[in-house]
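S.K.: Got a predicted structure here, sequence first:
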Amino acid sequence: MDDLGFDARVWRLEQLLVDLPSKDSANNESMYENEGLSERISKLQNELESVLVDDKALRDFVEKYNKHENVLNPMASPFAVEQELLDITTKKELVLAAGEELEAFANQIKQIKALEHVLESSDISAVDDLAIKLRPLEAKHKLQSQALSQSSKNLSQLMENYNGTVNTLSEIFINWDQMLSTLETHVTLAERGKA
């Protein structure tokens, strides 16, 4: 008799990893007598390792689970003992106190369910096809953006040159105006002096 249920647990792992007959149809006594528990566990370990070698997604999950086992495993949680120690009345009070939050959560779930048709619509499913069609346009857009940037630089340079030319001409015209005003003043004085 296995008080801790090791045989049943190992049998369940064997059933998950290896194609075994169901527990009801198998003769448990003869199956357990053939091999010791440690032999069966080592076989299971080898089988699990071979499954992990073949399945990258499962291997990644196991690695991530091992890193965060203390959070994901409810028995490793520091609250596991506290949860077992609470009596039914306290648990009921906790659930009733969180009633509004639970109702809000239930309403959010209903809203999500009601909006699932949006995610399953043909427009959403066509996004991947449209993304493939957009790739050539993205390349053209990049080229056009570069051309626009170069054109903007050229236009800025032309505007600076234009402003410089206008400023230079303005200074020349101002100087000529001053020279003409001075000459006109001299001519007017000279004519007055003759008269």
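M.R.: Alright, I've got the coordinates. Residues are numbered from 1 along each chain as shown.
S.K.: okay, CA-based contacts and neighbour counts for the rest of this
M.R.: Fine.
S.K.: for Ser149, helix, strand, or coil?
M.R.: helix (DSSP: H, G, I helix; E, B strand; the rest coil).
S.K.: pLDDT weak spots in this structure?
M.R.: 1-35, 37, 70-86 (pLDDT under 70).
S.K.: what are the ranges of the helices in it?
M.R.: Using DSSP state H, the helices of the chain run over 6-17, 28-34, 37-54, 56-67, 69-72, 79-85, 88-97, 99-119, 122-125, 127-194.
S.K.: Mean neighbour count added to the ones you listed, as a markdown table?
M.R.: As requested, these are exported to a markdown table (neighbours: other CA atoms under 10 Å):
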| stretch | mean neighbour count |
| --- | --- |
| helix 6-17 | 15 |
| helix 28-34 | 10 |
| helix 37-54 | 14 |
| helix 56-67 | 12 |
| helix 69-72 | 13 |
| helix 79-85 | 10 |
| helix 88-97 | 11 |
| helix 99-119 | 11 |
| helix 122-125 | 11 |
| helix 127-194 | 12 |
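S.K.: what separates Thr165 from Ile172, distance-wise?
M.R.: From Thr165 across to Ile172, the span is 11 Å (CA to CA, to the nearest Å).
S.K.: what does Gln146 give?
M.R.: Taken as CA to CA, the span from Gln146 to Ile172 is 39 Å.
S.K.: now do Ser122
M.R.: 70 Å.
S.K.: One more: Glu47?
M.R.: 94 Å.
S.K.: cool, and His68?
M.R.: Taken as CA to CA, the span from His68 to Ile172 is 80 Å.
S.K.: who's in contact with Ser122?
M.R.: If you count contacts by CA atoms under 8 Å, 6 or more residues apart in numbering, Ser122 has none.
S.K.: what does Arg59 give?
M.R.: Per CA under 8 Å, 6+ apart, neighbours of Arg59: Leu52, Val53.
S.K.: do that again at 7 Å, thanks
M.R.: Neighbouring residues of Arg59 by CA atoms under 7 Å, 6 or more residues apart in numbering: Leu52.
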